[in-house]
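>>> Here is the input, now give the coordinates:
(2 chains)
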Amino acid sequence: MNNFLSLKNITVIYSDFKALDNISFSMNAGELVFVIGANGSGKSTFIKVIAGLRNIKSGEIIRPSKISYVPQIETADRDFPANVFEIVMTGLQRRNKLFYSHDDKNKAMKIISALGLNDFIKRRLNTLSGGQFRRVLLARALCGEPELLLLDEPCAGLDTKSHRDFYDILAEINSKGTAIIIVTHDRGDFDDIKYNRIVEISNGRIFEHERIS
Amino acid sequence: MSEFLELLSYPFVIRALIAGSLISVCAAVIGVILVLKHYSLIGHGLSEVGFASLSIAAFLNLPYMLVSIPLMILSAFGILFVSQKYKAGGDNAIAIASSGALAAGILINSFNNTGSNIFSYLFGSVLAMSEFDFMLAIILSLSILGIFIIFYNRIFLITYNEEYARSLGINTTFYSGIISILTAFIVVIGMRITGTLLISGIIILPAICARNFNGGFLKLIIISGVIAFLTFIAGIILSLMFNTPSGAAIILVNIILLIIIKIIRP
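Predicted structure coming up:
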């Protein structure tokens, strides 16, 4: 088994529906992998299993200790009455840590600045554009200094420029060694970033689609 | 006004003002969480459990708090966990807990002739607080504020997005439990101000008023607390001036404020 990320014979069942059916998948440190599939194919379940958010019925997983997960955007998230700084800081929360240190705040400010969000730190989430909000969620994820970054439909609904800008940021993060898995239904995303592989999930099964060496 | 100032020389009025302010602020702080988590009616559901506790305590001749605190905590846990497990089950859980508790309370009361005592809890009266109630209110209020401050970052995270919190390795069940306990505490002591019938008002109305202001989560909590304090004082002054029940006056001041805010900031 690959010892960076490896899923072996994973099955996930919701009631009597098999969301993932005996799938195996592995990736190396620093890789960038696209996961595609139709609505309801199991691709969000797949990424949630890697994030540790779904219980598996059977199988074996080896995953890196530092994973950050950027979920699909829900309207409720944007309507939540919090400002950008408060949301980014949550990325620094850990199981055994109740308070933020001064260093934590500096670290968050550094990431906020790197993602061009300085002018928005006091802004409420529902006053941001789709692209700005995506960057907030990315900043939050980066606060955890992830070895593996999981993104579920990160560019859905963005205009072309915001879309390209977002992928430029991801390319930079990936170039520094962070492995990335991007779930998307938009095949146009493949043109915006250099990737290693594309895998497709269909009816809970996984298919290797394309491998760029 | 001079009459009101004269009233301030009475220890029971001072006690009511101190305890009532603290309880109102705590209720409003917890109220923000409950409103944002769509559990606005949990206070109402728990107040019916409070009524049942009162009936049981009267029937068994036990101190009210001894019965109500564990029953409230159990019920708050039950409601929050049912809501969590069956995503759309929150309203149903509250309806089951409140109607079940109310029915149990009425039945127990029918075997026991303690109507007048229970009546005082239905409508509450902060001005009729005993020394024991006062001390309990202070201790529980300070405990609520202390727990809230210690777990503030976690409570914020859980309120914002539980799934995301789980992805960070946070034990969301534990923190939902903390929110349940805080809610139960606030209903137990809040019943003394507004009574079981109006308790959910002091929990959620300041938070709903505060939601109309801009700013982050912390600012929302602070505005909610300030609104709760001011509406409590205004309600008490009105109830003393017109000799009306204090709980109802506080709730109506909150409602009027909400209408004014909605007109100014539509």
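
>>> my read: residue A:93 touches residue B:156, true?
No. Contact criterion C-beta atoms under 8 Å: residue A:93 and residue B:156 do not qualify, at 9.2 Å. From N, CA and C alone the C-beta is placed, and that goes for glycine too.

>>> May I ask you to confirm that residue A:151 is in contact with residue A:183?
Yes. Between residue A:151 and residue A:183 there is a contact under C-beta under 8 Å: 6.8 Å.

>>> How about the residues of the stretch 51-200 of chain B by chain A?
Counting by C-beta under 8 Å from any C-beta of the partner chain, the residues of the stretch 51-200 of chain B lying close to chain A are B:150-151, B:153-154, B:156-157, B:160-161, B:163-171.

>>> show me what contacts whichever residue of chain A sits closest to chain B?
Residue nearest to chain B within chain A (C-beta to the nearest C-beta): residue A:83, separated by 3.6 Å. Under the criterion of C-beta atoms under 8 Å, 6 or more residues apart in numbering or on different chains, the neighbours of residue A:83 are A:121, A:122, A:123, A:124, A:125, B:215, B:216, B:217.

>>> Check what pLDDT it gets.
pLDDT recorded at residue A:83 is 94.

>>> what's the nearest residue to it if we skip its chain neighbours?
residue B:216 (3.6 Å; C-beta to C-beta, 6 or more residues apart in numbering or on different chains).

>>> okay, now the one you found: neighbour count?
Per other C-beta atoms under 10 Å in any protein chain shown, the neighbour tally for residue B:216 reads 21.

>>> Run through the residues that contact it.
Contacts for residue B:216 were tallied using C-beta under 8 Å, 6+ apart; they are A:81, A:82, A:83, A:85, A:86, A:122, A:124.

>>> one step back: and the residues of the stretch 51-200 of chain B next to chain A, which of them are in helices?
Mapping those onto helices (DSSP state H) picks out B:150, B:153, B:154, B:156, B:157, B:160, B:163, B:164, B:165, B:166, B:167.

>>> Could I get the residues you listed in TSV, plus columns for pLDDT and neighbour count?
Output for those, formatted as TSV (pLDDT from 0 to 100; neighbours: other C-beta atoms under 10 Å in any protein chain shown):
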residue	pLDDT	neighbour count
B:150	96	13
B:153	95	18
B:154	95	21
B:156	95	23
B:157	94	22
B:160	92	21
B:163	84	13
B:164	87	25
B:165	90	20
B:166	87	18
B:167	85	21
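
>>> Get me the contact residues on chain A for chain B.
Close to chain B, as judged by C-beta under 8 Å from any C-beta, chain A has residues A:51-53, A:67-69, A:71, A:77, A:80-83, A:85-87, A:89-91, A:93-95, A:98-100, A:122, A:124, A:144.

>>> Return the member of the contacts of residue A:83 nearest to residue A:197.
residue A:125 (33.4 Å; C-beta to C-beta).

>>> excluding its backbone neighbours, what's nearest that closest one?
Using C-beta to C-beta, 6+ apart and skipping residues adjacent in sequence, the residue nearest residue A:125 is residue A:78, 5.1 Å away.

>>> Break down the stretch 51-200 of chain B into its helices, ranges please.
B:64-85, B:90-110, B:115-123, B:131-150, B:152-160, B:162-167, B:172-194, B:199-210 (DSSP state H, counting those that start in this stretch).

>>> Just name the most buried of those helices.
With neighbours defined as mean count of other C-beta atoms under 10 Å in any protein chain shown, the helices of the stretch 51-200 of chain B peak in mean count at helix B:199-210, which reaches a mean of 26.

>>> Measure how far it is from the centre of its chain, please.
Helix B:199-210 has its average C-alpha position 9 Å from the chain's average C-alpha position, going by C-alpha atoms, centre = their mean, to the nearest Å.

>>> just stretch A:38-53 next, same as before
Here the centre of stretch A:38-53 is set off from its chain's centre by 11 Å, with C-alpha atoms, centre = their mean.

>>> burial of the residue nearest to residue A:125, as a residue count?
By other C-beta under 10 Å, 15 other residues sit near residue A:78.

>>> same deal with the one 3 residues further on?
Counted by other C-beta under 10 Å, the residues lying close to residue A:81 total 23.

>>> now do the one 3 residues further on
Using other C-beta under 10 Å as the criterion, residue A:84 is surrounded by 26 other residues.

>>> if we can go back for a sec, name the nearest of the contacts of residue B:216 relative to residue B:44.
Closest to residue B:44, out of all of the contacts of residue B:216 and judged by C-beta to C-beta, is residue A:81, at 22.9 Å.

>>> Got the phi and psi for the closest one?
phi -80, psi 70 (degrees, to the nearest 10).

>>> Isn't it up against residue A:124?
Yes. The criterion here is C-beta under 8 Å, and residue A:81 meets it with residue A:124 at 6.5 Å.

>>> Sort out which residues of stretch B:253-266 are buried, please.
B:253, B:254, B:257, B:258, B:261 (16 or more other C-beta atoms under 10 Å in any protein chain shown).

>>> Can you give me every residue that contacts the fourth one?
For residue B:258, the contacting residues are B:205, B:208, B:209, by C-beta under 8 Å, 6+ apart.

>>> secondary structure element for it?
helix B:246-264 (DSSP states H and E).

>>> quick one: residue A:181 and residue A:33 touch, right?
Yes. Residue A:181 is within contact range of residue A:33, at 5.1 Å (criterion: C-beta under 8 Å).

>>> the more surrounded of those two?
For residue A:181 versus residue A:33, the count of surrounding residues by other C-beta under 10 Å is larger for residue A:181: 25 against 19.

>>> for the strand or helix carrying that one, what is the average pLDDT?
Using DSSP H and E, residue A:181 sits in strand A:179-184. Mean pLDDT, strand A:179-184: 95.
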